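>>> model the structure of this input:
(one chain, ligands or ions: 1)
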Amino acid sequence: MARDLIFAGNWKMNKTIKEALELVNGLKRELVDIEEAKIVVAPPSTALSCVGDTIVDSNIDLSAQNIHSEVSGAYTGEISVLMAKDAGCKYTIIGHSERRKYFKEDDALINKKIKLALENNLEVIFCVGESLEEREEGRMEEVVKTQLLGGLEGISKDDLARIVVAYEPVWAIGTGKNATPQEAQEVHALIREELVKKYDQEAADSTSILYGGSVKSDNIEDLMKKEDLDGVLVGGASLEIGDFSELVKKGLSAKQ
Ligand code: PGA
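Down below sits the predicted model:
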């Protein structure tokens with residue numbers, strides 16, 4: 001079954017409004033002809049709304065980097081699912097390793113956020129991935145499975161259709177040390193196998209699984225050639241027009 005190919009840029013805590021608009025306008029120009037893949041940008045919250053307005057009627061979709069687990073209330077500094085929707089988001093990232101590490105998000109909280117996003121018609125880019133220590137201790141499989149199943153607790157097969165899974169080994173994020181295509185493929189296959197067990201073959205075959213961690217235009221082609229890689233979630237290399245658009249074009253042609 002054909003799965004969506006997705007190239008997502010996570011801008012993290014980078015870009016003022018002016019810089020965000022320059023970047024997204026450049027991407028619109030460079031990627032205007034791309035029809036075979038979904039292109040997603042996740043700007044910081046302050047730039048969501050203006051980037052959202054700029055990409056209406058374009059082939060680029062908007063994502064939040066995170067939402068709070070409650071719809072509204074006294075949660076200073078947070079953004080809610082309704083605000084993300086209001087700004088034009090189609091997606092939100094949930095469970096990014098930086099949220100897990102620096103903001104102590106656990107699987108139960110991530111599960112709550114996923115459910116809230118889906119209830120409010122926001123699609124989810126759900127991140128899982130092991131740390132270097134966990135990999136070296138031989139616990140990669142256990143950690144990835146626990147995060148995956150914890151995040152998907154109580155999520156139906158219909159709901160899974162609105163979730164994209166992103167495998168991001170923590171040791172490869174922002175370190176320049178990416179997983180080899182074979183290492184990535186092995187974990188993607190493992191994730192798909194877990195989806196078969198929890199749901200069924202059809203659901204697993206139609207779920208896009210992205211790879212993230214030091215993806216750049218010079219390593220994207222070999223990654224994208226792997227059968228269970230359906231796209232990428234990119235941090236550092238999504239911050240410049242030339243880098244990201246080259247990466248998307250190369251990644252797409254490697255898949256075709
Ligand atoms: P990176 O980040 O591409 O800078 O390694 C990836 C991510 O955290 O999504």
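>>> so where's the longest helix in this structure?
Longest helix in the chain, counting residues (DSSP state H): helix 181-198.
>>> now that helix: buried residues?
181, 183-188, 190-192, 194-195, 198 (16 or more other CB atoms under 10 Å). All C-beta spots, glycine's among them, are computed from the backbone N, C-alpha and C.
>>> list just the nearest of the residues you listed to S69.
The shortest separation between S69 and any of the buried residues of helix 181-198 is 22.3 Å, and it belongs to K198 (by CB to CB).
>>> so what pLDDT did the closest one get?
On the pLDDT scale, K198 is placed at 98.
>>> on the pLDDT front, check E130 for me.
96.
>>> so it versus the ligand, what's the distance?
14 Å (CB to the nearest ligand atom, to the nearest Å).
>>> repeat that for L190.
Plainly put, L190 is 19 Å away from the ligand if you go by CB to the nearest ligand atom.
>>> do D230 as well
From D230 over to the ligand (counting by CB to the nearest ligand atom), the distance is 15 Å.
>>> for that residue, what are its contacts?
R3, D4, L5, I6, S208, I209, L210 (CB atoms under 8 Å, 6 or more residues apart in numbering).
>>> about what we covered before: nearest to the ligand among the buried residues of helix 181-198?
Set against the ligand, the nearest of the buried residues of helix 181-198 by CB to the nearest ligand atom is A184 (12.8 Å).
>>> not including adjacent chain positions, what is the nearest residue to that closest one?
The shortest distance from A184 to any non-neighbouring residue, by CB to CB, 6 or more residues apart in numbering, is to Y211 (4.7 Å).
>>> that neighbour in helix, strand or coil?
What DSSP: H, G, I helix; E, B strand; the rest coil gives for Y211 is strand.
>>> beta-bridge partners for it, please?
Counting by DSSP bridges, Y211 forms beta bridges with Y167, V232.
>>> tally up the residues packed near it, please.
The local packing of Y211 (other CB atoms under 10 Å) involves 30 other residues.
>>> repeat that for the one 3 residues further on.
The local packing of S214 (other CB under 10 Å) involves 20 other residues.
>>> name the helix or strand for it, please.
Assigned by DSSP states H and E, S214 belongs to no helix or strand.
>>> go ahead and confirm it touches P169.
No: contact between S214 and P169 fails when scored by CB atoms under 8 Å: they sit 9.6 Å apart.
>>> before we move on, the earlier item: C127: which of the buried residues of helix 181-198 is nearest?
I191 (11.5 Å).
>>> now do the phi/psi pair for A42.
Taking degrees, to the nearest 10, you get phi -120, psi 90 for the backbone angles of A42.
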